[in-house]
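In: mind folding the following:
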Amino acid sequence: MRARTVNGMLAFWLFLSTFMWTHARFQLENNWLVAVAVMFLAMAGISGVARARFAAAGLGAWLAAVSLMTMMTSTVQLTAIHDLVVGIGIACFGLLRDIGRPDSYAELEPGPSTIGYTAGDDIELRHRPA
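Out: Numbering: from 1, shown residues only. The predicted structure is shown next:
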(Lines give C-alpha, C1' and ligand atoms only; values in the text may rest on other atoms or scores of the structure.)
Protein backbone atom coordinates (compact mmCIF):
# COMPACT_ATOMS: atom_id res chain seq x y z
CA MET A 1 0.00 0.00 0.00
CA ARG A 2 2.89 2.34 0.62
CA ALA A 3 4.13 2.02 -2.96
CA ARG A 4 0.65 2.87 -4.26
CA THR A 5 0.62 5.96 -2.03
CA VAL A 6 3.98 7.10 -3.40
CA ASN A 7 2.66 6.53 -6.93
CA GLY A 8 -0.35 8.68 -6.10
CA MET A 9 1.91 11.44 -4.80
CA LEU A 10 4.10 11.24 -7.93
CA ALA A 11 0.99 11.46 -10.09
CA PHE A 12 -0.23 14.48 -8.12
CA TRP A 13 3.16 16.16 -8.57
CA LEU A 14 3.13 15.39 -12.29
CA PHE A 15 -0.33 16.95 -12.60
CA LEU A 16 0.73 20.08 -10.69
CA SER A 17 3.98 20.47 -12.57
CA THR A 18 2.13 20.30 -15.87
CA PHE A 19 0.71 23.75 -15.21
CA MET A 20 3.65 25.25 -13.28
CA TRP A 21 6.12 25.80 -16.12
CA THR A 22 6.32 25.70 -19.89
CA HIS A 23 5.53 22.51 -21.72
CA ALA A 24 5.19 21.75 -25.38
CA ARG A 25 1.58 21.05 -26.37
CA PHE A 26 2.15 17.29 -26.62
CA GLN A 27 3.95 17.19 -23.25
CA LEU A 28 1.14 19.11 -21.60
CA GLU A 29 -1.57 16.78 -22.84
CA ASN A 30 0.45 13.64 -22.24
CA ASN A 31 1.45 14.62 -18.70
CA TRP A 32 -1.96 15.47 -17.36
CA LEU A 33 -3.55 12.39 -18.95
CA VAL A 34 -0.86 10.10 -17.51
CA ALA A 35 -1.14 11.83 -14.12
CA VAL A 36 -4.91 11.34 -13.92
CA ALA A 37 -4.64 7.71 -15.04
CA VAL A 38 -1.85 6.89 -12.56
CA MET A 39 -3.80 8.55 -9.75
CA PHE A 40 -6.84 6.44 -10.63
CA LEU A 41 -4.71 3.28 -10.71
CA ALA A 42 -3.05 4.17 -7.41
CA MET A 43 -6.45 4.53 -5.77
CA ALA A 44 -7.57 1.26 -7.33
CA GLY A 45 -4.42 -0.44 -6.03
CA ILE A 46 -4.97 0.92 -2.54
CA SER A 47 -8.55 -0.33 -2.57
CA GLY A 48 -7.41 -3.85 -3.44
CA VAL A 49 -7.18 -4.27 -7.23
CA ALA A 50 -4.07 -6.44 -7.44
CA ARG A 51 -3.07 -5.83 -11.06
CA ALA A 52 -3.51 -2.04 -11.09
CA ARG A 53 0.14 -1.61 -10.17
CA PHE A 54 1.27 -3.19 -13.43
CA ALA A 55 -0.84 -0.78 -15.45
CA ALA A 56 0.66 2.12 -13.46
CA ALA A 57 4.15 0.74 -14.16
CA GLY A 58 3.28 0.62 -17.86
CA LEU A 59 2.15 4.24 -17.78
CA GLY A 60 5.38 5.20 -16.02
CA ALA A 61 7.38 3.44 -18.72
CA TRP A 62 5.28 5.23 -21.35
CA LEU A 63 6.02 8.60 -19.74
CA ALA A 64 9.74 7.82 -19.58
CA ALA A 65 9.83 6.64 -23.21
CA VAL A 66 7.94 9.68 -24.48
CA SER A 67 10.21 11.99 -22.52
CA LEU A 68 13.26 10.34 -24.09
CA MET A 69 11.77 10.88 -27.54
CA THR A 70 10.83 14.49 -26.85
CA MET A 71 14.20 15.19 -25.25
CA MET A 72 15.80 15.01 -28.68
CA THR A 73 13.17 16.95 -30.58
CA SER A 74 11.69 19.45 -28.13
CA THR A 75 13.03 22.84 -27.12
CA VAL A 76 11.91 22.28 -23.52
CA GLN A 77 14.78 20.04 -22.33
CA LEU A 78 14.31 20.40 -18.56
CA THR A 79 10.67 19.38 -18.79
CA ALA A 80 11.65 16.23 -20.65
CA ILE A 81 14.26 15.40 -17.98
CA HIS A 82 11.68 16.00 -15.26
CA ASP A 83 9.21 13.71 -17.02
CA LEU A 84 11.89 11.05 -17.40
CA VAL A 85 12.65 11.07 -13.67
CA VAL A 86 8.96 11.02 -12.69
CA GLY A 87 8.22 8.28 -15.24
CA ILE A 88 11.02 6.09 -13.90
CA GLY A 89 9.76 6.69 -10.36
CA ILE A 90 6.19 5.72 -11.27
CA ALA A 91 7.41 2.60 -13.09
CA CYS A 92 9.66 1.51 -10.22
CA PHE A 93 7.04 2.04 -7.52
CA GLY A 94 4.47 0.35 -9.75
CA LEU A 95 6.60 -2.78 -9.81
CA LEU A 96 7.00 -2.92 -6.04
CA ARG A 97 4.71 -5.32 -4.27
CA ASP A 98 2.36 -4.20 -1.54
CA ILE A 99 4.28 -4.23 1.68
CA GLY A 100 1.94 -3.08 4.43
CA ARG A 101 -1.11 -5.13 3.56
CA PRO A 102 -1.35 -8.38 5.50
CA ASP A 103 -3.75 -9.85 2.94
CA SER A 104 -1.75 -9.00 -0.17
CA TYR A 105 0.15 -12.25 -0.61
CA ALA A 106 -0.07 -15.73 0.82
CA GLU A 107 3.54 -15.72 2.01
CA LEU A 108 2.42 -15.08 5.56
CA GLU A 109 1.38 -17.96 7.74
CA PRO A 110 -2.20 -17.84 8.95
CA GLY A 111 -2.48 -16.09 12.26
CA PRO A 112 -4.50 -13.48 14.07
CA SER A 113 -3.41 -10.66 11.74
CA THR A 114 -3.65 -12.46 8.40
CA ILE A 115 -6.35 -13.76 6.10
CA GLY A 116 -7.14 -17.39 6.73
CA TYR A 117 -7.50 -17.02 10.46
CA THR A 118 -10.84 -17.91 11.99
CA ALA A 119 -11.86 -17.66 15.59
CA GLY A 120 -11.81 -21.46 16.00
CA ASP A 121 -8.17 -21.91 14.93
CA ASP A 122 -5.76 -23.19 17.54
CA ILE A 123 -3.20 -20.67 18.67
CA GLU A 124 0.02 -21.88 20.15
CA LEU A 125 1.02 -19.69 23.06
CA ARG A 126 4.58 -19.48 24.23
CA HIS A 127 5.11 -18.70 27.86
CA ARG A 128 8.19 -16.97 29.12
CA PRO A 129 9.81 -18.56 32.12
CA ALA A 130 9.28 -16.44 35.19
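In: does residue 84 lie in a helix or a strand, and which?
Out: Secondary structure from DSSP states H and E places residue 84 in helix 77-95.
In: need the residues that contact that helix.
Out: 3-4, 6-7, 10-11, 13-14, 17, 21-24, 27, 31, 38, 53-68, 70-71, 74 (C-beta atoms under 8 Å, 6 or more residues apart in numbering). Yep, even glycine has a C-beta here, placed from its N, CA and C like the rest.
In: drop anything exposed from these.
Out: Neighbour-count burial within the contacts of helix 77-95 applies to 3-4, 6-7, 10-11, 14, 17, 23, 27, 31, 38, 53, 55-64, 66-67, 70-71; the criterion is 16 or more other C-beta atoms under 10 Å.
In: next step: these restricted to helices.
Out: Counted as lying in helices by DSSP state H, out of the buried ones among the contacts of helix 77-95, are 3-4, 6-7, 10-11, 14, 17, 27, 31, 38, 53, 55-64, 66-67, 70-71.
In: ok, for residue 28, nearest residue in space, not its chain neighbours?
Out: Spatially, and ignoring its direct neighbours in sequence, residue 28 is nearest to residue 18 (5.9 Å; C-beta to C-beta, 6 or more residues apart in numbering).
In: residue 2 versus the one you found, what's the distance?
Out: As judged by C-beta to C-beta, to the nearest Å, residue 18 and residue 2 stand 25 Å apart.
In: neighbour-wise, which of those two wins?
Out: The neighbour comparison of residue 18 against residue 2 (other C-beta atoms under 10 Å) goes to residue 18, with 20 against 13.
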